[in-house]
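Enquirer: Generate coordinates for the sequence data below:
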Amino acid sequence: MPRSRVSGILLHPTSLPGPHGIGELGPEARGFVDFLADTGQSLWQVLPLGPTGYGDSPYQCFSAFAGNPLLVSLERLVEEGLLQAADLKRAPSFAEHEVDFGAVIDFKRPLLRNAGETFEKKASAAQREAFDAFCRKEAAWLPDFALFMALKESQGGARWPAWDRHLATREPEALAKAAREHAREVRAQELAQFFFFGQWADLRGYVHERGIRILGDIPIFVAHDSADVWAHPELFYLTADGTPAYVAGVPPDYFSATGQLWGNPLYRWDVLARSGYAWWIERFRSTLSQVDSVRLDHFRGFEAYWEVPGRETTAVNGRWVKGPGAKLFEALEATCGKLPVVAENLGVITPEVEALRERFGWPGMAILEFAFGSDDSADTFKPHNYPRDLVVYTGTHDNDTIVGWWTAGVGDSTRKPEEAERERTFCMKYLGTDGKEIHWTFIRTLLMSVADTAIVPLQDVLGLGSEARMNLPGRPAGNWRWRYTPGQITDPIRERLREMTKIYGRAPRPTADNPA
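Expert: So this is what the prediction gives:
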């Protein structure tokens, strides 16, 4: 992470505007990058970029390595001659302000297959060589992922433990036969990944041209129904039938009185250690080829994680189990060099967790929305306690928007109404505000703080309420859907953000190539 004063915006690409029901890696993405550059931002933070599975969550992907084909720009495919303009005119009337994932999948998946078939028929020698080079480069994960997705479709979307036993247990003869039978679909999956990674590389190049860097995200855990677990069951605690013996979560917290039961299978860290943490090394290498730095999700789980028996229905009956600690990160840095990491040190944080973070010199995080639950002046979420080496947020993808938090009372948390009212009252005293334009008060507080890096979700820049919330932890459906519409970023908003960023010393300094 940069050590000078910078700021940025948190926006997942699915939330970009556009005509095809979901954000894409095309002109609207470049328009957002232009907005970042025009307002003096240095960072674009995104969520995990993988193909989403259960609940459409980017933290429950079918692969820790693959990209999400739904983000592929159809307009770019038309420009490349892989689709016809008429194909796009058949799009249904999508809502502008949210993603209907089912409808988007129904519309885009056939078009991506058509583009792949056109590529097979008409690609030039250079294009074919580029595709072959891509397949060679990604050989560690791409064949397993493509076959996994092909088999999943042939099995009606069933989770992999419910497949034919020979396929679920990856018997070589069964896999070879399946690869032959589903060769066309396997190839389609590989081509969709080729399209995604090509477009993402082009977009990232443009991001860099505009003087911006991308902060990505590595979730600590992977989805059970994923190519990762199917292809490497030995790395996870599974039962004989392939279901998780233990699952991940967190104990009762701010968001839930029964904790959060994530359901991800837990790693067999002893097995990973015997390989020198090879799988994790490949995961970091892959992610850092797509982004410039990473937020390491649930950092505390690397020191100790909450283990819940797989049969439980809540996270209450769990226990803390020691994680790999420094050994994992030593192996990563020995291979990958100094890691550009932001440690998501939220939740139940112990001195051991902070010692691990400090050992590797990684900045932690602070959430301004969490600063007013008590009048304890030593609370590290309070801005007067910020160190410089910190990444500060108004809120994250798991929080309500600032306007939503301010107006919704108890809202998403375990607070009682009177506790929420006390929190608002203390917030007004602390920030010296009457609550008018509370989102700009929060943004100003972060930008003027001594913290090196300040990041604001776009929803808070736009002053939107709870209807624009990205995720409500524990809610099984209805998350990850929000999109902004083209007219919401107005000139006054653009100018106000630009001015604040400059006033508080977070805008890039003028250079001969980029005069202010």
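
Enquirer: Sketch out the low-pLDDT regions of the stretch 301-450 of the chain for me.
Expert: 409-415 (pLDDT under 70).

Enquirer: for the chain, same thing?
Expert: Applying pLDDT under 70 to the chain picks out residues 1-3, 254-255, 409-415, 510-516.

Enquirer: Pull out the buried residues from the longest helix along it.
Expert: Using DSSP state H to define each element, the chain has its longest helix at helix 183-209. The neighbour-count check on helix 183-209 (16 or more other Cβ atoms under 10 Å) flags 185-200, 202-204, 207 as buried. (C-beta placed from N, C-alpha, C; glycine too.)

Enquirer: cool, stretch 497-508 as well?
Expert: Those would be 497, 498, 500, 501, 504, 506, 507, 508, for stretch 497-508 by 16+ other Cβ under 10 Å.

Enquirer: Residues contacting that stretch, please?
Expert: Under the criterion Cβ atoms under 8 Å, 6 or more residues apart in numbering, residues 5-7, 38-42, 211, 443-444, 447-448, 454, 461, 514, 516 lie in contact with stretch 497-508.

Enquirer: before we move on, what about stretch 462-471?
Expert: If you take Cβ under 8 Å, 6+ apart as the criterion, stretch 462-471 is touched by 12, 15, 57, 397-401, 403-404, 407-408, 411, 437, 439-440, 457, 459, 479-480, 482, 484, 488-489, 493.

Enquirer: can you rerun that using 6 Å?
Expert: 397, 398, 400, 401, 403, 404, 408, 439, 459, 479, 482, 488 (Cβ atoms under 6 Å, 6 or more residues apart in numbering).

Enquirer: For that stretch, list every residue counted as buried.
Expert: 462, 463, 464, 465, 466, 468, 469, 470, 471.

Enquirer: Can I get the residues you listed in CSV including secondary structure?
Expert: Formatted as CSV, the buried residues of stretch 462-471 follow (DSSP: H, G, I helix; E, B strand; the rest coil):
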residue, secondary structure
462, coil
463, coil
464, coil
465, coil
466, helix
468, helix
469, coil
470, coil
471, coil
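
Enquirer: Among the residues you listed, pick out the one closest to residue 252, please.
Expert: residue 471 (18.6 Å; Cβ to Cβ).

Enquirer: now that closest one: how far from residue 67?
Expert: 20 Å (Cβ to Cβ, to the nearest Å).

Enquirer: so residue 455, which of the three states?
Expert: strand.

Enquirer: Report how many residues lie close to the residue nearest to it when sequence neighbours are not counted.
Expert: Distances taken as Cβ to Cβ, 6 or more residues apart in numbering put residue 8 closest to residue 455, at 4.9 Å, once the chain neighbours are dropped. If you count neighbours by other Cβ atoms under 10 Å, residue 8 ends up with 22.

Enquirer: again, but for the one 10 residues further on
Expert: Counted with other Cβ under 10 Å, the burial measure for residue 18 works out to 20 neighbours.

Enquirer: shift numbering so it begins at 755
Expert: Got it, the first residue is 755 from now on, which makes the last one we talked about residue 772.

Enquirer: What residue, apart from its backbone neighbours, is nearest it spatially?
Expert: With sequence-adjacent residues excluded and distances taken as Cβ to Cβ, 6+ apart, residue 772 is closest to residue 782, at 4.6 Å.

Enquirer: what helices or strands is the helix or strand where that neighbour lies leaning on?
Expert: Taking DSSP states H and E as the criterion, residue 782 maps to helix 781-792. With contacts defined as 3 or more Cβ pairs under 6 Å, 6 or more residues apart in numbering; DSSP states H and E, the packing partners of helix 781-792 are helix 937-963.

Enquirer: Assumed residue 1106 was part of a helix.
Expert: Yes: using three-state DSSP, the assignment for residue 1106 is a helix.

Enquirer: Can you give me the neighbour number for the spatially closest residue to it that is not a sequence neighbour?
Expert: Of all residues beyond its chain neighbours, the one nearest residue 1106 is residue 1057 (5.3 Å), with distances taken as Cβ to Cβ, 6+ apart. Applying other Cβ under 10 Å, we find 22 residues neighbouring residue 1057.

Enquirer: ok, now residue 878?
Expert: 8.

Enquirer: partner residues bridging the closest residue to residue 1053 other than its chain neighbours?
Expert: Take residue 1053 and drop its neighbours on the chain: the residue closest to it by Cβ to Cβ, 6+ apart is residue 1097, 4.0 Å away. Per DSSP bridges, the residues bridged to residue 1097 are residue 1050.

Enquirer: Against residue 1041, how distant is residue 1097?
Expert: Here residue 1097 is placed at a distance of 15 Å from residue 1041 (Cβ to Cβ).

Enquirer: returning to that earlier point: mind putting the buried residues of stretch 1216-1225 in a markdown table, distance to residue 1033 included?
Expert: Below are those laid out as a markdown table (distance: Cβ to Cβ, whole Å):
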| residue | distance to residue 1033 |
| --- | --- |
| 1216 | 39 |
| 1217 | 43 |
| 1218 | 39 |
| 1219 | 42 |
| 1220 | 39 |
| 1222 | 36 |
| 1223 | 34 |
| 1224 | 29 |
| 1225 | 27 |
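
Enquirer: of all these, which comes closest to residue 1004?
Expert: Using Cβ to Cβ, residue 1225 comes nearest to residue 1004 of these, at 14.6 Å.

Enquirer: The residue nearest to that closest one when sequence neighbours are not counted - how many residues pack around it?
Expert: Spatial nearest neighbour of residue 1225, excluding adjacent residues (Cβ to Cβ, 6+ apart): residue 1233 at 4.4 Å. Neighbours of residue 1233 under the rule other Cβ under 10 Å: 19.

Enquirer: before we move on, back to that, which ones are touching the residue nearest to residue 772?
Expert: So, once contact is read as Cβ under 6 Å, 6+ apart, residue 782 ends up touching 770, 771, 772.

Enquirer: Over to residue 1212?
Expert: 763, 765 are the contacts of residue 1212 under Cβ under 6 Å, 6+ apart.

Enquirer: same thing but 7 Å
Expert: 763, 764, 765, 1238 (Cβ atoms under 7 Å, 6 or more residues apart in numbering).

Enquirer: And for residue 966?
Expert: Contact partners of residue 966, counting by Cβ under 7 Å, 6+ apart, are 787, 790, 791, 795, 796, 797, 798.

Enquirer: how does it look with 8 Å?
Expert: For residue 966, counting by Cβ under 8 Å, 6+ apart, the contacting residues are 762, 787, 790, 791, 795, 796, 797, 798.

Enquirer: How about residue 816?
Expert: With contact taken as Cβ under 8 Å, 6+ apart, residue 816 is in contact with 804, 805, 806, 807, 899, 902, 903, 906, 977, 979, 980, 981.

Enquirer: Same check on residue 805?
Expert: Contacts of residue 805 (Cβ under 8 Å, 6+ apart): 815, 816, 817, 820, 821, 822, 823, 824, 903.

Enquirer: so the first one makes contact with residue 808?
Expert: No: the pair residue 815 and residue 808 does not pass the contact test of Cβ atoms under 8 Å, sitting 9.7 Å apart.

Enquirer: Compare those two and say which is more crowded by neighbours.
Expert: The neighbour count for residue 815 versus residue 808, taken as other Cβ under 10 Å, is higher for residue 815 (25 against 15).

Enquirer: beta partners for the more buried one?
Expert: Beta-bridge partners of residue 815, as defined by DSSP bridges: residue 806.

Enquirer: List the contacts of it.
Expert: Counted by Cβ under 8 Å, 6+ apart, residue 815 has contacts 802, 804, 805, 806, 807, 822, 976, 977, 980.
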